[in-house]
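**Student:** Please find the sequence and the predicted model below.
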Amino acid sequence: MLYRAAISLLAACLVAGNVDVKAEGKKMAWPDTIQRLLENTRPLRFKRGGRLPLYLWPAMNPGKLEAADAEKLVRELDRRGVGLVCAWDWNRKEESLAAALSVARAQKKLGQRINIDATSSLYSFFNGDERTAHIDREGKPFWDGSFGKKDMGCPFALDFRQEDIRRRIEYFADAYAKEKLEVGFVFADWEIDGPLEWNDAWEASRRCQRCREHIPGIDTNFLQFQKDLRDIRSRLQKDNYADPILLRFPKALVGNYAVYPHNGFRYWYDYFEKYGEGQPALADQGARYRHWANEFEQTGYTFAMPVVYTWYGTYLWYDFDAPDYRWFYNMLLVASNPGQYTPPSIPVITFVHWHTTSPPDKPDPSVKQMSEWAYQELLWHMLLRGTDTFFLWCGAEEQVKEVSLLHPVWAAAQEYGEFLEKGTPVTFDVPARPGTVLSALRLGSRLLVRRTDFTSDTRPVTLKVEGRSVAVPAAPSQCQVLTLDEQGS
Ligand SMILES: [Zn+2]
């Protein structure tokens, strides 16, 4: 996620939320982002049932509301299937707690999930204290500035920072526990802080006498270095964020941006990450898929939070003639990974974003925006490959367009609630060239199938499921419910 942009948007929402919207006897209005959201979405036609709501960056932080207004807003968003999220903002803790509690009380009263953004409370473990810096051979402290945060320091110097962070989470969580407000969903966008192995981090740690003591073989073994850092990173998240929440709210969904089960590889780069020559990776045309440590299990997180974005650089990795397939291919690889490797008991809540993400100042004109059609097809395939719900991230200026693409797909999918709730994905294949892409959820002998064609060949194709098969005809922009043939016939 574009952290800085995200936070400034968050701040804007909070400011808007604090405006006395009822001043001068005017009609009730919500902060701009929320007002626009309500005006540009329709109530659901098919019931959401007990499934997770849709999360949208614009549906956050309405400010401190009177009880009746909070209930009205929670109800209006729920009619559209959208969950309202409030931040636990440590920088203005009393004010932020009061605003969040006003919404939480309404959510409890209406039987809705209480949704929290804990991001700001987790920043920063690396708070500029010199004790958290690396130490060179002469004993002098130094930082690694390669991530855009000036005080990224030594992974082995963070123990004393934990209590400060944990107490912030406890401060908010205790206030909810005291009022018997059962927290249901807590996410964080904790990215550039704590141990990270990319950019110049390996080089910095090799220069640091403390890191050298802790990691034998640090000069040559990047994967060991990665594992050791991710172990620490996971423990920081578990002990100071996940555990304090789960101790008080054992059923809560707790997770963090970009932390999810996977097959050992990551198919995308965040905006602040770069590939280092010589680091082990899987090559696929111009792409370099990085080895990724198994960090999810050790965090104690109770939901997975993959990131499926149109990162600018992705388009240039591949040579496919069909421009859309350059995006679609990569994003389906990214989405299928947690879909396949996350246990069914762990929901997958995936961050999505359509506008070309994090372009440089002078973008290459050959990089074509993903088409709206391909993006909406991708969303369908994600739902049929294990994504339980989406979390839209976007800037304020992108909001109307982003919501207009995502919400209708999610709303239409509710028609197939039984499949979404009880169905099992049957394929995670991603064709290596533009062609026919199939995804399906299985319920007994029935399959909910999405077929998307990137060539003009629209003949039926066969989908095989555990020795049984079904012919899938072309059905542009539609889902099909098909029945598997009898075993062996
Ligand atoms: Zn160090």
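**Tutor:** Structure received. A quick note: this is a predicted structure, and the numbers were derived from the prediction, not measured.

**Student:** so which strand or helix has the residue minimising distance to the centre of the chain?
**Tutor:** The residue lying closest to the centre of the chain (CA atoms, centre = their mean) is Phe351, at 3.3 Å. Element membership of Phe351 [criterion: DSSP states H and E] is strand 349-357.

**Student:** Describe which strands that strand pairs with in its sheet and in which direction.
**Tutor:** strand 307-311 (parallel), strand 389-392 (parallel) (DSSP bridges).

**Student:** could you dump those to JSON lines with mean pLDDT?
**Tutor:** Formatted as JSON lines, the strands paired with strand 349-357 follow (pLDDT from 0 to 100):
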{"stretch": "strand 307-311", "mean pLDDT": "98"}
{"stretch": "strand 389-392", "mean pLDDT": "98"}
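
**Student:** among those strands, which is nearest Gln224?
**Tutor:** strand 307-311 (25.8 Å; CB to CB). The way it works is simple: take the backbone N, C-alpha and C, and place the C-beta from them, glycine included.

**Student:** Show me what counts as buried in stretch 421-437.
**Tutor:** For stretch 421-437, a neighbour-count test (16 or more other CB atoms under 10 Å) marks Gly423, Pro425, Val426, Thr427, Phe428, Val430, Pro434, Thr436, Val437 as buried.

**Student:** Give me the number of neighbouring residues for the closest residue to the ion within the stretch 51-200 of the chain.
**Tutor:** Minimum separation of the stretch 51-200 of the chain from the ion (CB to the ion) falls at Cys154, amounting to 3.2 Å. For Cys154, the neighbour count with other CB atoms under 10 Å is 24.

**Student:** How about the contacts made by the nearest residue to it once chain neighbours are set aside?
**Tutor:** In this structure, Cys154 finds its nearest non-sequential neighbour in His134, 4.5 Å apart by CB to CB, 6 or more residues apart in numbering. By CB atoms under 8 Å, 6 or more residues apart in numbering, His134 lies in contact with 141-144, 153-154, 157, 204-205, 207-208, 210-211.

**Student:** Residues of this protein that sit close to the ion?
**Tutor:** Residues of the chain lying close to the ion (CB under 5 Å from the ion) are His134, Cys154, Cys208, Arg210, Cys211.

**Student:** Those residues in helices, which ones?
**Tutor:** Those of those mapping onto helices are Arg210, Cys211, per DSSP state H.

**Student:** In JSON lines: the residues of the chain next to the ion, plus distance to Ala175.
**Tutor:** Below are the residues of the chain next to the ion laid out as JSON lines (distance: CB to CB, whole Å):
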{"residue": "His134", "distance to Ala175": "37"}
{"residue": "Cys154", "distance to Ala175": "34"}
{"residue": "Cys208", "distance to Ala175": "39"}
{"residue": "Arg210", "distance to Ala175": "38"}
{"residue": "Cys211", "distance to Ala175": "39"}
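
**Student:** how deep is whatever residue of the stretch 251-400 of the chain ends up closest to the ion tucked in, by neighbour count?
**Tutor:** Nearest to the ion in the stretch 251-400 of the chain, going by CB to the ion, is Gly276, at a distance of 17.6 Å. By other CB under 10 Å, 18 other residues sit near Gly276.

**Student:** which residues touch it?
**Tutor:** Shown in contact with Gly276 (CB under 8 Å, 6+ apart): Trp198, Asn199, Trp202.

**Student:** That one belongs to a strand?
**Tutor:** No - looking at Gly276 with DSSP: H, G, I helix; E, B strand; the rest coil, it is coil, so not inside a strand.

**Student:** Could I get the pLDDT score of it?
**Tutor:** For Gly276, the pLDDT comes out at 82.

**Student:** how close does it get to Ser477?
**Tutor:** Separation of Gly276 from Ser477 (CB to CB, to the nearest Å) stands at 42 Å.

**Student:** cool, Gly63 as well?
**Tutor:** Distance of Gly63 to Ser477, given as CB to CB: 39 Å.

**Student:** Which one's more surrounded, these two?
**Tutor:** Gly63 (24 against 10).

**Student:** Hmm, the more buried one is touching Pro31, no?
**Tutor:** Yes - using CB atoms under 8 Å, Gly63 is in contact with Pro31, at 6.5 Å.

**Student:** so how far is Leu54 from the residue lying closest to Leu56 once chain neighbours are set aside?
**Tutor:** Spatial nearest neighbour of Leu56, excluding adjacent residues (CB to CB, 6+ apart): Leu392 at 4.6 Å. Distance check for Leu392 against Leu54: by CB to CB, it reads 8 Å.

**Student:** and Thr220, which of the three is it?
**Tutor:** Using three-state DSSP, the secondary structure recorded for Thr220 is coil.

**Student:** Now do it: how many residues are near it, please.
**Tutor:** 8.

**Student:** what bits of this structure have low per-residue confidence?
**Tutor:** The chain contains residues with pLDDT under 70 at 1-28, 487-489.
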